[in-house]
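K.L.:
sequence and computational prediction follow.
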Amino acid sequence: MTLLSLTADELRQQIDGEIASNPALELTEERRCPNCHRLLPARGMCPVCSQPSPSAPDEPVVFVSPREDFYSGGASFESENQPEDDFSQTTEDLPTYVLRQIAPELDIQDRRMAAYLLTHLDDDGFLTIPLIEVARYFHVLPSKIEQIQKIIQRADPLGVGSTSPQTALLAQMEVLAENGSVPELALQIVKECMDLMVHRQVSEIAHHCDVTVRQVQQAMKFIGENLNPYPGRSHWGDMRQPAAEATQVYHRPDIIINYLNDDPKNPLSVEIIMPLFGTLQVNPLFRQAMQQASEEQRENWKNDMERASLFVKCLQQRNHTMKRLMQKVVSVQKDYILYGEKHLKPVTRASLAVELEVHESTISRAVANKTVQLPNRKIVPLSSFFDRSLNVRSVLREMIINEAKPLSDTELAEMLSEKGFDVARRTVAKYRAMEGILPAHLRHAVAMNA
C-alpha cells in the first residue's frame, strides 16, 4: 500500500534506498517486461503486452513500461537538463486580488490609501480600522476615504471592505440593482430588520414591514441565494487561509495515454511508467552465500532475504493494481480523454472499488499524486478523472466565453439546468471563482473599458 501511493519519482527513490541498504537486492542490466517477464529490446515497450487483445480490439492496451526514456525528446529519468526549480507557483491573497482590480480606477495617492485599507481586512473581508483613523493618517477628509471604500466594495468579492455584514449586503444590493431588479422588501429587511433576519424571526419582520409572512420568506430567499454577508469567506477569501490549495504545475507524468503506435485509428495505449532501467530481483549470489555462511550470519542475512523478496513482490502487486485501475478508468472515461472535459462521466473511487473488488482506500492510494499525459500532450492529475465538477465547470466556462452580455450567476445556473446540470447559484459562483472568472458586473466593466 505504501508503494502504491508513490509517484514514479518517489518510487525510484524508494527503490534506490532499498538497493543501497539491502545486499540481497540487485538491479540487473537486462530489461524484462514487468508483466510477462520476457526480455525486452534495448529501447521501446514489450512487443507482447503492448498489443491489443484479439477478443476486444477497441479496449485500451494497458501495460507497465520499464523504460527511462519516456519523456519528450528522449530525456532520461535522471536528466540533468530538468530545471532544479520547476515553474514556481504563487497564491494571490485577498488584498492583492482586490487591489489589482481597482488600481486602474485610482491615481497613485489613492492607490496607497486603498492598499492601506486592504491590509486591515479580517478573514471575513471586513475592515478592522475606523475610516476616521485612516483619514487622519493620510491627512485627508473622511469623505475621501469613504469614496475609496465604495470602490473597494464594488470589487470581487462584492462587499469586501465593508465594516459589517449589513453594510456588505447593502453594497451588494446596490450593485445588483444596477444590473437587475432587487426586491424592495429585501432592501428594507436588510436596512431595518437585520437582527431579526439573523435570528430567522419571520413573523416579527412581517409585522414590522406590514407584509405577509410568505412575502418575507420570498425576500429572505432572494437574500440567501444572491447575497453573502461575509465576502471574505468566498473562494477568493479562502486564499488567505494556509489550507488553500495552490495551483499545481506538472512536468513529468506517471502514466502516458496515447494512440497505439501514434495512429488515431488504433485503440488507446496506457503506459504505466516503471522508473527502472533493468530488472529488480533477489540476488542469486546472495542465496548461495547464505548456504555457506555460519548459522549466526545466516540468521542475520535471512531478514535481508525476506525483505528483498517481499519488496519485489510488493512492486509486482503495485504494477498489477495500477494496471487494473487504469484499464477500468480509461474504458469509462474514454470520451473525456479524446474529446475534453465536457465529456467527463461522474465516477467515484467508491464505485470503482466495488467493480474491482478492492477496498476504497486502495483506489485512493493508487490515484493519489499521480499524473497522466493525455493524447493531446496535456498533463493532468489522475484525480481529475474523478472530479465530478470538471464537466460542469467546462460548460460554464464555454457559456461565459460565448455570452452576448455578462450573465449573472443566477442566469448561468438556469442555463446549466437547461443543459442537465442541476447546480445552485452559489455553486455557480464557486465554480466561476475556481476558473478565475470575474462576476457579471466586473466582466461588464472590463468590456466597457475595452
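P.N.:
Done, it's in. Numbering: from 1, shown residues only.

K.L.:
mind listing the strands for the stretch 1-150 of the chain?
P.N.:
25-28, 61-65 (DSSP state E, counting those that start in this stretch).

K.L.:
could you say which of these is packed most deeply?
P.N.:
Of all the strands of the stretch 1-150 of the chain, strand 61-65 carries the top mean neighbour count, a mean of 23, counting by mean count of other Cβ atoms under 10 Å. The C-beta positions use only the backbone N, C-alpha and C, and glycine is treated the same way.

K.L.:
strands of the stretch 351-450 of the chain, residue ranges please.
P.N.:
Under DSSP E, counting those that start in this stretch, the stretch 351-450 of the chain gives strands at 371-373, 379-381.

K.L.:
so which of those is the most packed in?
P.N.:
Ranked by mean neighbours (mean count of other Cβ under 10 Å), the strands of the stretch 351-450 of the chain are led by strand 371-373, with a mean of 22.

K.L.:
end to end on stretch 401-408, go ahead and measure it.
P.N.:
Chord length of stretch 401-408, first to last residue, is 13 Å (Cα to Cα, to the nearest Å).

K.L.:
just how off-centre is that stretch within its chain?
P.N.:
25 Å (Cα atoms, centre = their mean, to the nearest Å).

K.L.:
use 7 as the first number for this chain going forward.
P.N.:
Happy to do that; since the first residue is 7 now, the last one works out to stretch 407-414.

K.L.:
what's Thr13 in contact with, if anything?
P.N.:
Neighbouring residues of Thr13 by Cβ atoms under 8 Å, 6 or more residues apart in numbering: 260, 375-377.

K.L.:
show the pLDDT at it.
P.N.:
With respect to pLDDT, Thr13 scores 86.

K.L.:
swap in Ser82?
P.N.:
39.

K.L.:
can you check the one 4 residues further on too?
P.N.:
For Glu86, the pLDDT comes out at 41.

K.L.:
next: Asp129.
P.N.:
83.

K.L.:
point out where the stretch 107-256 of the chain drops to low pLDDT.
P.N.:
For the stretch 107-256 of the chain, residues meeting the criterion pLDDT under 70 lie at 185, 240-256.

K.L.:
the nearest residue to Pro235 once chain neighbours are set aside and Met179, how far apart?
P.N.:
Using Cβ to Cβ, 6 or more residues apart in numbering and skipping residues adjacent in sequence, the residue nearest Pro235 is Pro171, 3.6 Å away. Distance of Pro171 to Met179, computed by Cβ to Cβ, to the nearest Å: 13 Å.

K.L.:
about what we covered before: can I get the strands of the stretch 357-456 of the chain in TSV with mean pLDDT and distance to Ser414?
P.N.:
Output for the strands of the stretch 357-456 of the chain, formatted as TSV (pLDDT from 0 to 100; distance: least, Cβ to Cβ, whole Å):
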stretch	mean pLDDT	distance to Ser414
strand 377-379	91	36
strand 385-387	88	31
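
K.L.:
looking at those strands, which is nearest to Phe228?
P.N.:
Phe228 lies closest to strand 385-387 among those, at 38.3 Å (Cβ to Cβ).

K.L.:
who are the packing partners of the closest one?
P.N.:
Judged by 3 or more Cβ pairs under 8 Å, 6 or more residues apart in numbering; DSSP states H and E, the packing partners of strand 385-387 are strand 377-379.

K.L.:
how about low-confidence regions in the stretch 257-406 of the chain?
P.N.:
Within the stretch 257-406 of the chain, the ranges that satisfy pLDDT under 70 run 257.

K.L.:
now with 80, please.
P.N.:
Along the stretch 257-406 of the chain, the parts satisfying pLDDT under 80 run over 257-258, 267-268, 282-285, 293-294, 296-306, 347-348, 393-397.

K.L.:
mind listing the helices for it?
P.N.:
290-298, 301-338, 340-345, 355-362, 366-373, 396-407 (DSSP state H, counting those that start in this stretch).

K.L.:
Leu31: which of these is closest?
P.N.:
helix 301-338 (4.5 Å).

K.L.:
give me the angle between that closest one and helix 366-373.
P.N.:
For helix 301-338 against helix 366-373, the angle by axes from the mean of the first three to the mean of the last three Cα atoms, to 10 degrees is 90 degrees.

K.L.:
go through helix 301-338 and flag the buried ones.
P.N.:
For helix 301-338, a neighbour-count test (16 or more other Cβ atoms under 10 Å) marks 307, 310-311, 313-314, 317-318, 321, 324-325, 327-336, 338 as buried.

K.L.:
from Gln323, how far out is Glu366?
P.N.:
Distance from Glu366 to Gln323, by Cβ to Cβ: 18 Å.
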